[in-house]
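> got a sequence here, can you model it:
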Amino acid sequence: MFAHHNISIYHKYTNKMKAVADYLRQTLVQVLPALQEITEEEAGVKPQPHKWSKKEILGHLIDSASNNQHKFVRAMAQPHVEFVSYAQDSWVAQQAYNNRNWQEIVAFWYAYNLHIAHIIETVNPDYLQHTISIEGSDSFTLAFIMEDYAEHLKHHLKVILPDAGLSSQFENVYNV
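Residues are numbered from 1 along each chain as shown. A predicted model of the protein is given here:
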């Protein structure tokens, strides 16, 4: 009976993470055509001097994918990971996203996020309770970080595509 209980929990978490990965993939497919329709000129416009352009917002989401990939993989390898935060504005500026071709940014962002969805879908459920803290923040489970990833992505996509009908439950709880 105990072994059956473990199998039941395994399937519960496997199905849950598949749903999270599918939600991320659905978002990608939903917004890709609209992102591809944005012109090079429109993508590079900064709404205000210290605000990011659409290129820079999508670049930030690439940086987020990179940082989260590291969080995911490291948290799969050990029960607790202390992770460093990253200086988002500096990362965006140093990589000069505004000087990149918009369609190349979109293609890389899309491909990288398909890989992130794959990681989420195939995570071993035994690792989902492993924890991550960022620069001394509270600890968050790997499951939470993975679920929160898609909400963060949608939070920023709403700025790029305000008429796309996107909603997001993202709330910055990391205090970093």
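
> all strands for this structure, in order.
80-83, 131-134, 140-141 (DSSP state E).

> which residues are contacting the first one?
Okay, so that is strand 80-83. 70-71, 74-75, 130-136, 139 (Cβ atoms under 8 Å, 6 or more residues apart in numbering). From N, CA and C alone the C-beta is placed, and that goes for glycine too.

> quick one: low-confidence residue ranges for the chain.
1-13, 174-176 (pLDDT under 70).

> can you map out the helices along the chain?
2-37, 40-44, 54-77, 88-94, 102-122, 142-160 (DSSP state H).

> now these as TSV including distance to Val173?
TSV is the format used below for the helices of the chain (distance: least, Cβ to Cβ, whole Å):
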stretch	distance to Val173
helix 2-37	17
helix 40-44	30
helix 54-77	14
helix 88-94	16
helix 102-122	19
helix 142-160	8
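
> Gln169: which of these is closest?
Of all the helices of the chain, it is helix 142-160 that lies closest to Gln169, at 4.9 Å by Cβ to Cβ.

> just checking, what packs against that closest one?
helix 2-37, helix 54-77, helix 102-122, strand 131-134 (3 or more Cβ pairs under 8 Å, 6 or more residues apart in numbering; DSSP states H and E).

> turn these into a markdown table, columns for mean neighbour count and distance to Ser85.
Conversion of the helices and strands packed on helix 142-160 to a markdown table gives the following (neighbours: other Cβ atoms under 10 Å; distance: least, Cβ to Cβ, whole Å):
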| stretch | mean neighbour count | distance to Ser85 |
| --- | --- | --- |
| helix 2-37 | 14 | 22 |
| helix 54-77 | 19 | 9 |
| helix 102-122 | 17 | 19 |
| strand 131-134 | 18 | 5 |
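
> and of those, who's closest to Trp91?
Nearest of these (Cβ to Cβ): helix 54-77, 4.9 Å.
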